[in-house]
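Enquirer: quick check, what structure comes out for this input:
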Amino acid sequence: MRFGVLGTGHWARTVHAAALAEHPTAELVGVWGRDVAKAQAVGAEFDVPGFADVDELLARVDAVALALPPDVQAPLAERAAAAGKHLLLEKPIALDLAAADRVVAAVADAGVASVVFFTFRFQPQTSTWLSQAARTQLAGGSGSWLSSLAGTPFAASPWRQQHGALWDIGPHALSVLVPALGPVVEVQAGRGVRDTVHLVLTHASGTASTVTLSHTVAPMSAGIEFFVHGDAGRLVLLPDTEAPVEAFTTAVDELSAAALTGGTHPCDVAFGRDVVAVLATAARALDSGCREPVGT
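Expert: Okay, here's the model as predicted:
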């Protein structure tokens, strides 16, 4: 499958383009960016052209991998789907439910395959954890992701600065808790220090989970842990944040398989849209101070 990368930032270069350039069956054809000089520079690193015209790149590929701010990604995903290209998207797929719905509709209308790169979902330990959870009568769960963006390549990201940990790493928490415990139907939320947020999620199964997220903790406080609990005890997931290229390679394989078979993927745009719905509800709950039902 021939891929184009849309985006020129750190993640686009070190994960998307790097994984595609080394993939045994996928082919990296080119890179597009809003700054053509950056697109050409990233392309040169991987011996492919950089494009100023996104439609010119779309005409040469079967699929696109998008590594862009969510508000930029959504309309370009619609455009690529309308051109008949399969989509490998970043999370969140959009910053509001209406934009997410348009992406879902574009994918459905075009009949293309889609995968959203929730990194942890493409790691073997997560698959094992979810399989164990599926065999257990669960009573609830919890997740905590505390991080410090200061000094990282993501610290200067305008959309992360504006929307904080809720929208950046909240999708990752939902990507493992929702398949384990079921869809979220209600959210309570409270603010902590700086961008820290605390969520209580009520799932359709009748269980509840709690999530704490932050991009602004002291570096020594950073860490990630998820667990669910039930009749088999506590099942703990400690995701790997050090091997995103390997996870992205798996995502490429699974998008290719979905495109070949015409099937849907568990992390397709419909799931990505449901994640946006929960995040938007959480943002509303933070403002209202009340329990908020998840919008449909």
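Enquirer: C-alpha only now, for contacts and for neighbours.
Expert: Fine.
Enquirer: could you measure from residue 134 over to residue 229?
Expert: According to C-alpha to C-alpha, to the nearest Å, residue 134 and residue 229 sit 12 Å apart.
Enquirer: would you map the strands across the protein?
Expert: 2-6, 27-32, 50-51, 63-66, 86-89, 114-116, 138-146, 184-191, 197-203, 208-214, 223-230, 233-237, 292-293 (DSSP state E).
Enquirer: export these to CSV and tack on distance to residue 253 and mean pLDDT?
Expert: CSV is the format used below for the strands of the chain (distance: least, C-alpha to C-alpha, whole Å; pLDDT from 0 to 100):
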stretch, distance to residue 253, mean pLDDT
strand 2-6, 12, 98
strand 27-32, 12, 98
strand 50-51, 24, 98
strand 63-66, 12, 98
strand 86-89, 11, 98
strand 114-116, 10, 98
strand 138-146, 28, 98
strand 184-191, 29, 98
strand 197-203, 31, 98
strand 208-214, 30, 98
strand 223-230, 26, 97
strand 233-237, 23, 97
strand 292-293, 36, 97
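Enquirer: kindly reformat those strands as TSV containing distance to residue 251.
Expert: Listed next are those as TSV, based on distance: least, C-alpha to C-alpha, whole Å:
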stretch	distance to residue 251
strand 2-6	13
strand 27-32	14
strand 50-51	23
strand 63-66	10
strand 86-89	8
strand 114-116	7
strand 138-146	22
strand 184-191	25
strand 197-203	27
strand 208-214	25
strand 223-230	22
strand 233-237	20
strand 292-293	32
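Enquirer: show me which residues of the longest helix seen in the chain are buried.
Expert: Longest among the helix segments of the chain by residue count, using DSSP state H, is helix 269-288. Within helix 269-288, the residues that count as buried by 16 or more other C-alpha atoms under 10 Å are 269-286.
Enquirer: list the contacts of the closest residue to residue 68 other than its chain neighbours.
Expert: Taking C-alpha to C-alpha, 6 or more residues apart in numbering, and ignoring the residues beside it in sequence, residue 68 has residue 7 as its nearest neighbour in space, at 5.4 Å. Shown in contact with residue 7 (C-alpha atoms under 8 Å, 6 or more residues apart in numbering): 31-34, 39, 66-68.
Enquirer: and if you look at residue 171?
Expert: Taking C-alpha under 8 Å, 6+ apart as the test, what residue 171 contacts is 91-92, 118, 275-276, 279.
Enquirer: residue 134 and residue 229: which is more packed in?
Expert: With neighbours defined as other C-alpha atoms under 10 Å, residue 134 and residue 229 compare such that residue 229 has more, 17 against 13.
Enquirer: bridged to the more buried one, which residues?
Expert: Note on residue 229: beta-bridge partners by DSSP bridges are residue 140, residue 234.
Enquirer: residue 179 contacts residue 131, doesn't it?
Expert: No. Assessed by C-alpha atoms under 8 Å, residue 179 is found out of contact with residue 131, at 10.1 Å.
Enquirer: good, wrapping up.
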